[in-house]
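# Here is my input, please return the structure:
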Amino acid sequence: MSTPSSDSVLSVKDLQKVFYSGFLRHRVEVLKGVSFAVYENEILGFLGPNGAGKTTCIKVLLGLIYASGGSGQILGKPIGDVKIKNRVGFLPEHPYFYDYLTGAEFLDFYARFHGLKKKERWSRVDDLLKLTGMEEARDLALRKYSKGMLQRIGLAQAILGDPDIVILDEPMSGLDPVGRRDIREIILKLRDDGKTIFFSSHILPDVEEICDRVTIIHKGELRGSGSLEEILEAPVEHVDLQYTGLDAEKAEKLESLSEEFPGLRVISKGNLLLISAPDWEAAQRVQEKGRELGGTLVALKPQKETLESYFLREIDRKEGGN
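Predicted structure coming up:
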């Protein structure tokens with residue numbers, strides 16, 4: 001499990017946050033001693049279901065709310081230190097937009113807070129509109145933007161000041177596949193430009209595609225952390241094979257291998273025969289039998305555990321232990 005260190009860009013140690021609600025001041029513990037670190041020029045995915053404590057943790061990191069216990073640092077300074085504010089970019093899950101402004105006007109408005117002169121501002125605005133693919137919508141009022149367009153212009157606003165670390169809260173939530181792809185590509189481009197990216201999400205396939213490491217939180221507790229290679233370093237769960245040139249009679253002969261290898265499944269799909277073998281030994285036997293029957297192997301793909309299955313397994317396992 002990752003722990004804060006002196007060379008981390010962002011880290012928290014034993015972070016706690018307690019809220020009190022209602023007339024009787026009911027105590028709600030949202031963060032329960034969370035510790036993790038984010039290192040320079042990496043993309044770290046902060047994972048958890050809705051209500052896990054992701055947004056609360058981000059708000060504490062940014063100094064928007066105070067921690068009830070524990071400590072943290074960003075860029076070598078304690079969380080909440082105003083000296084590092086201009087080195088951190090942030091996109092909240094539900095950003096507010098002045099929707100009567102155009103995309104270009106919106107970015108120019110926020111660029112003024114960074115002390116840029118007019119020529120510098122518009123040069124920066126042009127660069128960001130190009131980076132986020134919003135050049136054609138620069139003169140369109142924000143009220144006419146789609147959800148994906150608003151996310152992209154919001155991300156452009158978050159990196160206006162050329163920050164060292166970019167913090168994104170659910171940047172792909174509510175987007176269609178095209179919008180999610182666009183945001184993924186922008187995040188990867190930022191990493192290529194030397195930025196450190198920390199973003200929360202519950203959309204696991206996107207995280208698996210672009211993150212260097214992940215940290216999992218559930219009900220305010222850390223449930224797992226590490227690189228995807230470490231987390232998903234698991235044995236093959238099953239092997240998928242595809243054959244052509246095998247008729248129904250030959251398919252039945254292949255299916256008879258299930259007597260020797262329980263769990264082996266055979267499905268006909270058009271002119272393809274789809275076979276799921278429970279392990280490598282079964283897959284090798286299928287290949288031998290397929291050659292004997294005169295079939296042509298067109299695909300063979302070992303299936304390992306996915307981030308989603310790991311995530312669900314870790315949460316279910318810890319839930320069972322509570």
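
# Neighbours of the closest residue to residue 211 other than its chain neighbours, how many?
In space, and not counting its chain neighbours, residue 211 is closest to residue 45: 4.0 Å by Cβ to Cβ, 6 or more residues apart in numbering. From N, CA and C alone the C-beta is placed, and that goes for glycine too. Residues lying near residue 45 (other Cβ atoms under 10 Å) number 23.

# pretty sure residue 139 belongs to a helix, no?
No: assessed with DSSP: H, G, I helix; E, B strand; the rest coil, residue 139 is coil; it does not lie in a helix.

# how much space between it and residue 120?
Per Cβ to Cβ, to the nearest Å, residue 139 is found 20 Å from residue 120.

# neighbour-wise, which of these two wins?
For residue 139 versus residue 120, the count of surrounding residues by other Cβ under 10 Å is larger for residue 120: 12 against 9.

# tell me which strands and helices the helix or strand harbouring the residue nearest to residue 211 is in contact with?
Element membership of residue 45, judged by DSSP states H and E, is strand 43-47. With contacts taken as 3 or more Cβ pairs under 8 Å, 6 or more residues apart in numbering; DSSP states H and E, strand 43-47 sits against helix 54-61, helix 177-192, strand 196-201, helix 204-210, strand 213-218.

# Residue 69: which of these is closest?
Among the helices and strands packed on strand 43-47, helix 54-61 comes nearest to residue 69, with 10.6 Å by Cβ to Cβ.

# Which other helices and strands does the closest one contact?
If contacts are counted by 3+ Cβ pairs under 8 Å, 6+ apart, helix 54-61 sits against strand 8-21, strand 26-39, strand 43-47, strand 69-74, strand 165-169, strand 196-201.

# got the angle between the third one and strand 8-21?
Calculated by axes from the mean of the first three to the mean of the last three Cα atoms, to 10 degrees, strand 43-47 forms an angle of 20 degrees with strand 8-21.

# same thing with the fourth one?
Relative orientation of strand 69-74 and strand 8-21, computed by the same axes, to 10 degrees: 140 degrees.

# same check, this time on the last one
Relative orientation of strand 196-201 versus strand 8-21 (the same axes, to 10 degrees): 30 degrees.

# Return the list of strands paired to the strand holding residue 45, each annotated with direction.
strand 196-201 (parallel), strand 213-218 (parallel) (DSSP bridges).

# In JSON lines, list these along with distance to residue 167 and mean neighbour count.
Shown next, in JSON lines, are the strands paired with strand 43-47 (distance: least, Cβ to Cβ, whole Å; neighbours: other Cβ atoms under 10 Å):
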{"stretch": "strand 196-201", "distance to residue 167": "5", "mean neighbour count": "24"}
{"stretch": "strand 213-218", "distance to residue 167": "13", "mean neighbour count": "24"}
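
# which parts of stretch 177-189 are buried?
Residues of stretch 177-189 classed as buried: 179, 180, 182, 183, 184, 186, 187 (neighbour count, 16 or more other Cβ atoms under 10 Å).

# Kindly apply the preceding question to stretch 10-21 instead.
For stretch 10-21, burial by neighbour count (16+ other Cβ under 10 Å) applies to 10, 11, 12, 15, 16, 17.

# Which residue is most remote from the mean position of this protein?
In the chain, the residue that sits farthest from the middle, by Cα atoms, centre = their mean, is residue 249; the gap is 46.0 Å.

# That one: what's it in contact with?
Listed by Cβ atoms under 8 Å, 6 or more residues apart in numbering, the contact set of residue 249 is empty.

# just to revisit the earlier point, let's have the strands paired with strand 43-47 in TSV, adding distance to residue 272 and mean pLDDT.
Formatted as TSV, the strands paired with strand 43-47 follow (distance: least, Cβ to Cβ, whole Å; pLDDT from 0 to 100):
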stretch	distance to residue 272	mean pLDDT
strand 196-201	35	94
strand 213-218	35	90
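
# Beta-bridge partners for residue 273, please?
Taking DSSP bridges, one obtains residue 243, residue 268 as the residues bridged to residue 273.

# hang on, it packs against residue 240?
No: look at residue 273 against residue 240 with Cβ atoms under 8 Å: they stay out of range, at 11.5 Å.

# When these two are compared, which one has more neighbours?
With neighbours defined as other Cβ under 10 Å, residue 273 and residue 240 compare such that residue 273 has more, 25 against 15.

# what about the residue lying closest to residue 114 once chain neighbours are set aside, distance to residue 50?
Leaving aside its chain neighbours, residue 114 sits nearest to residue 161 (4.7 Å; criterion: Cβ to Cβ, 6+ apart). In this view, residue 161 and residue 50 are 30 Å apart by Cβ to Cβ.
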